[in-house]
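S.K.: can you look at this prediction? I've put the sequence above it.
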Amino acid sequence: MTSPLASEAAPFGRVLTAMVTPFTREGELDLDAAQKVASHLVDQGNDGLVVSGTTGEAPTTTVDEDGRLLAAVLEAVGDRASIVAGVGTNDTRHSVELAQQAKKAGAHGTLIVTPYYSKPPQSGLLAHFTEVARAGDDTPVMLYDIPGRSGIAIADETYVALADTPQIVAMKDATGDLDRGVWLMNETGIRIYSGDDTLNLPWLAMGASGIVSVVAHAAGRPYAEMVAAVDAGDLATARAINTRLQPAVRAMMNHTQGAITSKAALQLLGVLDHRTMRAPLPAATEEEVAIVRDGLVASGLLES
């Protein structure tokens, strides 16, 4: 299914949230809460959502849960936002199954993270990405390069080879290598999305298509305004927005895992009733909630 917001320059939209997966207090998938979160995020300026990613606690969810979550989010906001399904695991067969499920459900795209922990050689990465991308038929693919978590980076020559796979149109970058990102865009045509909230403005200034954000759980609208300012060449306004959001970024990204702080933020904003996580991730402590609250207030995202 084609995203309502797709373009060659930004195949998945501009401001995407790596969306949390709400659970009931007993730890079961909460689809009503998921639709509420999805609707809130799109109402607040996000034009895309990534479901069943790392921030969505995907290592703890089943194939069936991933499918039901994707269907619920598509039903809620699929006509006004790009919905990207996280299908990457460290098992190619499992990822193929998820990619096929995402295609059948009507996802606008898939996100394939570098296989984690096993640290395959580049030939293994090339084969993995190619097979999973093709399993989704014509569904556009965003790769996710995050060596800090996966243990291995995607090499330049692997990107060059992957550019021949027509489904692969973008990558979410969490390497922090701006220079390489510009080289990749120029040499391969693969579009870049910032995967690190601290580098959203630099990536946009360097020509990135957009952002895949954790902090956009609370800051979708100002991030959309920042993207618009960069597009208009108004760097002063973009800088001012980036500076204003820094307390929220630091609060949500520097103290504990982003899924934990995102659920805390959504609870503070009145979107989630509670912040239940699945083990091994614990719910935010009261001290961590206070840090998130202070950051949101300082950034003008929450009333004091």
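M.R.: Good, I have the coordinates. Residues are numbered from 1 along each chain as shown.
S.K.: those strands in the stretch 101-250 of the chain, which residues are they?
M.R.: Using DSSP state E, counting those that start in this stretch, the strands found in the stretch 101-250 of the chain span residues 109-113, 141-145, 168-173, 191-194, 210-213.
S.K.: for His94, find the nearest of those strands.
M.R.: Among the strands of the stretch 101-250 of the chain, the nearest to His94 by Cβ to Cβ is strand 109-113 (11.8 Å). Bear in mind the C-beta positions are built from the backbone N, C-alpha and C, glycine included.
S.K.: go ahead and name everything in contact with that closest one.
M.R.: 3, 11-12, 50, 53-54, 82-89, 95, 98-99, 102, 129, 132-133, 136, 139-144, 146, 150, 172 (Cβ atoms under 8 Å, 6 or more residues apart in numbering).
S.K.: inside helices: which ones of those?
M.R.: With DSSP state H as the criterion, helices contain Ser95, Leu98, Ala99, Ala102, Phe129, Val132, Ala133, Ser150 from among the contacts of strand 109-113.
S.K.: closest to Met185 among those?
M.R.: After measuring the ones in helices among the contacts of strand 109-113 against Met185 - Cβ to Cβ - the closest member comes out as Phe129, at 18.0 Å.
S.K.: quick one: that closest one and Glu26, what's the gap?
M.R.: 37 Å (Cβ to Cβ, to the nearest Å).
S.K.: ok, the two, which is more surrounded?
M.R.: For the pair Phe129 and Glu26, the greater number of neighbours falls to Phe129 (26 against 7), based on other Cβ atoms under 10 Å.
S.K.: from what I can see that one touches Ala163, true?
M.R.: No - using Cβ atoms under 8 Å, Phe129 is not in contact with Ala163; the gap is 11.2 Å.
S.K.: in the chain, which helix or strand is least confident?
M.R.: The weakest-scoring helix or strand in the chain, judged by mean pLDDT, DSSP states H and E, is helix 147-150 (a mean of 91).
S.K.: now that helix: buried residues?
M.R.: For helix 147-150, burial by neighbour count (16 or more other Cβ atoms under 10 Å) applies to Pro147, Ser150.
S.K.: please apply the same query to stretch 85-95.
M.R.: Buried residues in stretch 85-95, defined by neighbour count with 16+ other Cβ under 10 Å: Ala85, Gly86, Val87, Gly88, Thr89, Asn90, Thr92, Ser95.
S.K.: from those residues, which single one is nearest Val77?
M.R.: Minimum distance to Val77 across these is 13.7 Å, recorded for Ala85 (Cβ to Cβ).
S.K.: tell me what the closest one is bridged to.
M.R.: In this structure, Ala85 bridges to Val51, Thr110 when assessed by DSSP bridges.
S.K.: how about the contacts made by it?
M.R.: Counting by Cβ under 8 Å, 6+ apart, Ala85 touches 50-52, 66, 70, 98, 101-102, 105, 107, 109-111.
S.K.: circling back to that earlier point, please tabulate the buried residues of stretch 85-95 in TSV, including the columns pLDDT and distance to Leu16.
M.R.: Shown next, in TSV, are the buried residues of stretch 85-95 (pLDDT from 0 to 100; distance: Cβ to Cβ, whole Å):
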residue	pLDDT	distance to Leu16
Ala85	98	12
Gly86	98	12
Val87	98	16
Gly88	97	16
Thr89	96	20
Asn90	95	23
Thr92	98	25
Ser95	98	20
